[in-house]
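S.K.: Prediction below, plus the sequence it came from.
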Amino acid sequence: MNELPASQQKLPSGDETTLEGLLERIVFASEEDSWSVLKLAVPGRRGQVTAVGNVLGVQPGETLRLAGRWVRDKKWGEQFRAASFSVVRPSTVDGITRYLSSGMISGIGKAMAKRLVKRFGAATLEIIEHHPERLRQVPGIGPKRCRQIAEAWEDQRHVQRVMVFLQSHGVSPAFAIRIYKTYGAEAQALVTENPYRLATDIYGIGFASADRIAEHLGVPADSPRRAEAGLLHLLQEASNRGHVFLPRGQLVGNTAELLTQPEAPLQQALDRLVRDRRAIAESLPSTAGGEAIFSPQLFEAESELAAGLRELLAGDASLPELDTDHAIDAFEEEENLTLADQQRAAVVAALTHKVLVITGGPGTGKTTLLRCIVEILTQEDSQLLLAAPTGRAARRLAEATGQEARTVHRLLEYDPVQRIFTRSRDFPLNADLVIIDEASMLDVSLARHVVTALGPEGHLLLVGDVDQLPSVGPGRVLSDLIDSGALPVVRLTEIFRQAARSQIVINAHRINQGQMPLIEEVRPEDPKAIDFFFIERPEPPRLVNTLEHLVVERIPRGFGFDPVRDIQILTPMNRGPLGVHNLNSVLQDRLNPEGKEIQRGGRRLRLYDKVMQLRNNYELDVFNGDLGRIAELDEDEEELLVDFDGRRVTYAFTDLEDLTPAYACTIHKSQGSEYPCVVVPVHTQHYRMLQRNLLYTALTRAKKLAILVGQRRALAIAVSQQDTRRRFTRLAQRLSGDLRSL
């Protein structure tokens with residue numbers, strides 16, 4: 001029996017060694033901390049070897065050299081725990097084929113990789129690097145693709161050099177690639193000069209990672225640059241949680257805790273930031289913090305929003321003078337309906353005020369009165385513009401009113417090259433009235449751009465449900481406008497007869513009022529059932545099985561809903577057995593188990609998957625929360641085509657970090673959307689997220705059927721627990737003229 005090389009022998013736990021093998025499969029990879037579980041084929045060993053460690057960014061087909069030790073996990077058995085790793089250029093024909101098939105070289109997919117290796121064999125990589133002109137001997141490679149492959153190979157060499165430098169300072173390969181894309185050949189110099197810039201410039205790299213890199217590079221713990229970076233980081237983190245500013249005392253105290261530093265030098269660092277206008281300070285006499293500290297961007301956004309609204313409110317109304325009672329009567333006769341007194345008052349207010357807020361819950365008639373306003377002004381040849389923050393909400397608005405409706409970004413004509421909104425004070429919108437639906441989703445920056453793009457003669461109507469979750473971005477615009485008392489507000493509270501028959505509507509209002517929903521002991525296939533159910537499943541494993549069974553079998557069989565197109569699981573969190581990541585994995589394997597797929601890190605995207613866009617991409621004109629289906633997956637061209645409700649968008653494989661499977665999504669991501677059927681797990685595993693407005697928002701996403709699955713105790717907690725986390729904003733005070741208090 002041949003003895004294994006030392007690098008491949010089984011060693012007792014604790015002995016350091018190296019392991020080299022071909023990466024065959026990535027079982028799991030965390031984008032947050034780069035912890036990965038890999039399966040490798042190692043010469044001389046039977047079966048696949050399991051390796052674990054911080055090795056995010058590698059691709060199947062690469063040969064890895066891992067340094068670490070063997071361990072025996074109680075649950076998973078023998079594993080190789082890697083402390084560091086490097087990518088080894090493959091030398092065998094099979095290894096080269098898999099390496100080139102991984103998609104890391106633009107212009108080479110699986111089919112092209114096979115053709116290249118068939119032509120050049122073990123010399124393929126040598127040909128690509130030193131004699132790329134010979135690639136034209138391969139069918140399908142012309143001058144353009146030949147240049148593309150050569151340039152991509154050269155880029156990859158640069159990336160490898162950057163990766164070696166960054167890995168030596170604790171950066172994962174996935175982030176090294178992003179850093180190289182952002183900084184190019186200057187990456188090493190720029191990171192060395194100021195590693196903290198990574199936290200603001202590179203998507204996914206937080207302050208903690210940048211701080212570790214800075215420590216590796218020898219930046220002292222008490223460096224003034226570190227203090228300033230920590231303050232700016234926490235100010236940015238606060239905006240990610242919805243705050244427009246932080247009180248000075250809270251900002252400095254939190255930074256002192258983060259950096260393990262005394263507050264005195266941090267106060268000095270903050271003074272420097274304010275002096276250099278990298279932060280803005282505004283007096284807060286009645287607050288222990290003493291000052292409100294803003295980023296310059298958010299200070300400008302909130303100030304300009306308030307100033308623009310005050311200017312609009314002070315202007316003269318320019319909508320045509322109407323006999324509003326007669327106009328409303330004509331609409332009622334045409335539509336064969338009668339508006340309620342609240343609706344009628346809202347229509348009159350919209351036709352007479354420069355700025356108006358209309359708010360109300362489900363079933364209170366917001367859509368009907370919007371249709372009435374649009375119909376009356378259309379008859380008067382007024383110029384109307386309709387928009388909503390998301391594409392789905394804009395489509396619903398268009399269907400409800402019979403008029404074109406756009407996303408707010410398209411309304412304002414966002415220019416992705418210059419990264420600005422074309423419509424502005426200098427080039428205002430050509431409209432007598434601008435209507436924004438789902439206005440609870442407007443953050444302070446987007447609302448500022450809407451208001452500044454209105455001409456002096458314009459009117460603004462904001463419609464939304466103030467009791468839903470606030471915007472994902474900073475601010476609580478709709479709430480602040482209502483709380484300010486500076487502009488007219490119409491609250492719709494009456495539930496109409498047709499809506500009152502819906503248990504979804506009834507229970508949404510009960511939850512919003514702090515009352516338990518009405519729960520009937522019926523099953524979804526029971527013919528007596530209407531549109532709302534609660535199924536008790538206390539144990540998480542059984543709850544997951546029930547969710548899977550509901551989506552895949554029971555709901556489609558009992559109600560005729562398509563499990564991919566019509567049914568959406570909404571869950572409070574990303575992690576855990578009841579989180580988005582696990583539920584997507586379970587449902588992807590059941591609803592779309594086979595076919596072509598692309599794997600990046602631990603995320604699998606498969607042909608025909610339902611997917612969601614994770615952040616705004618103005619170049620592609622797709623936005624955070626947009627849902628689509630993967631229509632094509634071209635491995636040769638390294639492109640993936642996603643169908644967003646009839647509009648097809650092409651993604652390069654290098655941009656797939658923006659997409660995720662979307663059989664399940666967070667409740668926050670569902671804002672502005674409606675689904676025929678919504679299924680919501682409610683469990684104490686999500687304890688810190690069990691909030692009334694979260695459950696209310698989830699339930700109001702359902703058009704025809706809502707099913708809650710979980711614990712009655714968790715449901716009671718969510719109903720009773722009002723979200724008391726206050727967002728720091730000053731919009732209401734700016735509008736009311738009272739900046740002396742919060």
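M.R.: All right, it came through fine. From a predicted model like this one, the values you see are computed outputs, not experimental measurements.
S.K.: Do a quick rundown of the helices in the stretch 501-650 of the chain.
M.R.: Ranges of helices within the stretch 501-650 of the chain are 503-512, 540-549, 555-559, 580-591, based on DSSP state H, counting those that start in this stretch.
S.K.: Packing partners of the longest one?
M.R.: Applying 3 or more C-beta pairs under 8 Å, 6 or more residues apart in numbering; DSSP states H and E, one finds that helix 580-591 makes contact with helix 540-549, strand 567-571, strand 659-661, strand 664-666. (Glycine included, C-beta is placed from N, CA and C.)
S.K.: Tell me how far that helix lies from the chain's centre.
M.R.: 18 Å (C-alpha atoms, centre = their mean, to the nearest Å).
S.K.: Ok, the second one next?
M.R.: Its chain's average C-alpha position is 25 Å from that of helix 540-549, according to C-alpha atoms, centre = their mean.
S.K.: packing partners for it?
M.R.: So helix 540-549, by 3+ C-beta pairs under 8 Å, 6+ apart, packs with helix 580-591, strand 675-682, strand 702-710.
S.K.: picking up where we left off before, how about a markdown table for the helices and strands packed on helix 580-591, with distance to E20 added?
M.R.: Below are the helices and strands packed on helix 580-591 laid out as a markdown table (distance: least, C-beta to C-beta, whole Å):
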| stretch | distance to E20 |
| --- | --- |
| helix 540-549 | 38 |
| strand 567-571 | 41 |
| strand 659-661 | 32 |
| strand 664-666 | 38 |
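S.K.: which of those is buried the deepest?
M.R.: When the helices and strands packed on helix 580-591 are scored by mean count of other C-beta atoms under 10 Å, the highest mean neighbour count falls to strand 567-571 (a mean of 26).
S.K.: and it with helix 540-549, angle?
M.R.: 160 degrees (axes from the mean of the first three to the mean of the last three C-alpha atoms, to 10 degrees).
S.K.: shouldn't Q613 be in contact with N624?
M.R.: Yes: counting by C-beta atoms under 8 Å, Q613 does reach N624; the two are 6.3 Å apart.
S.K.: Any idea which residue is closest to the centre of the chain?
M.R.: L614 (3.6 Å; C-alpha atoms, centre = their mean).
S.K.: how much space between that residue and L715?
M.R.: 29 Å (C-beta to C-beta, to the nearest Å).
S.K.: for H216, same thing?
M.R.: 48 Å.
S.K.: likewise R45?
M.R.: Counting by C-beta to C-beta, the gap from R45 to L715 is 51 Å.
S.K.: Between the two, which is the more surrounded one?
M.R.: L715 (22 against 15; other C-beta atoms under 10 Å).
S.K.: Flag the shaky bits of the stretch 151-300 of the chain, pLDDT-wise.
M.R.: 158-161, 163-164, 167-168, 170, 172-174, 177, 285-289 (pLDDT under 70).
S.K.: Same check on the stretch 1-150 of the chain?
M.R.: Using pLDDT under 70, the stretch 1-150 of the chain drops low at 1-14, 30-34, 56-57, 102-104.
S.K.: Can you show me the helices along it?
M.R.: Using DSSP H, counting those that start in this stretch, helices in the stretch 1-150 of the chain cover 93-101, 110-120, 124-130, 143-167.
S.K.: Output those as a markdown table; include the columns mean neighbour count.
M.R.: A markdown table is the format used below for those (neighbours: other C-beta atoms under 10 Å):
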| stretch | mean neighbour count |
| --- | --- |
| helix 93-101 | 20 |
| helix 110-120 | 18 |
| helix 124-130 | 16 |
| helix 143-167 | 17 |
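S.K.: First-to-last residue distance for stretch 546-560?
M.R.: 18 Å (C-alpha to C-alpha, to the nearest Å).
S.K.: pLDDT on it, on average?
M.R.: Across stretch 546-560, the average pLDDT comes to 94.
S.K.: In that stretch, which residues are buried?
M.R.: 546-548, 550-552, 554-556, 558-559 (16 or more other C-beta atoms under 10 Å).
S.K.: Please verify my assumption that V463 contacts I358.
M.R.: Yes: counting by C-beta under 8 Å, I358 is a contact partner of V463 at 4.8 Å.
S.K.: Overlap of the contact sets of these two?
M.R.: K366 (C-beta atoms under 8 Å, 6 or more residues apart in numbering).
S.K.: rewinding a little: roughly how far does the residue nearest to the centre of the chain sit from D589?
M.R.: 21 Å.
S.K.: Kindly report the same for L397.
M.R.: L397 is 36 Å from D589, by C-beta to C-beta.
S.K.: Those two: which is more packed in?
M.R.: Neighbours of L397 and D589, each counted by other C-beta under 10 Å, are more numerous for L397; the result is 24 against 13.
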